[in-house]
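Trainee: got a structure for you, letters missing:
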């Protein structure tokens with residue numbers, strides 16, 4: 001588990017997406033919401049509490065997001081969310 005309360009994705013950060021909006025369109029509404037909250041700096045536990053979900057459900061969302069966005073590597077999801085914070089806030 002990383003310092004943000006998530007397990008991260010193992011491996012290396014994938015190449016940046018050509019079109020962030022196209023990549024994000026592969027995510028469900030729940031996954032987009034979780035990604036936005038990760039970008040805001042919330043831990044899995046905080047996201048779970050705020051949305052009345054289990055931490056296990058948030059971890060599942062995080063894994064699905066990594067898979068759909070082609071992310072791998074410890075903290076790659078957090079880095080991706082931070083790099084695209086403005087786009088995620090608009091979504």
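Mentor: Noted; the coordinates are in hand. Note that the structure is predicted; figures quoted are calculated from it, not measured.
Trainee: Report pLDDT for the closest residue to residue 58 other than its chain neighbours.
Mentor: Leaving out its chain neighbours, the residue that sits closest to residue 58 by C-beta to C-beta, 6 or more residues apart in numbering is residue 44, at 4.4 Å. Placement of C-beta: from N, CA and C, glycine included. What the model reports as pLDDT for residue 44 is 97.
Trainee: what number of residues lie near residue 44?
Mentor: Neighbourhood size, residue 44 [other C-beta atoms under 10 Å]: 25.
Trainee: how close does it sit to residue 38?
Mentor: In this structure, residue 44 and residue 38 are 9 Å apart, going by C-beta to C-beta, to the nearest Å.
Trainee: swap in residue 90?
Mentor: For residue 90, the distance to residue 38 - C-beta to C-beta - is 16 Å.
Trainee: Let me see the contact set for the residue nearest the centre of the chain.
Mentor: Most central in the chain under C-alpha atoms, centre = their mean is residue 35, positioned 3.7 Å from the mean C-alpha point. The neighbourhood of residue 35, defined by C-beta atoms under 8 Å, 6 or more residues apart in numbering, consists of 24, 27, 65, 77, 81, 88.
Trainee: Ok, residue 61 next?
Mentor: By C-beta under 8 Å, 6+ apart, the neighbours of residue 61 are 30-31, 34.
Trainee: Recalculate using a threshold of 10 Å.
Mentor: With contact taken as C-beta atoms under 10 Å, 6 or more residues apart in numbering, residue 61 is in contact with 6, 27-28, 30-35, 37-38, 44, 47-48, 51, 53.
Trainee: is it true that residue 36 touches residue 88?
Mentor: Yes - with contacts counted by C-beta atoms under 10 Å, residue 36 reaches residue 88, the gap being 4.5 Å.
Trainee: Now for these two: what residues contact both?
Mentor: In contact with both residue 36 and residue 88: residue 81, using C-beta under 10 Å, 6+ apart.
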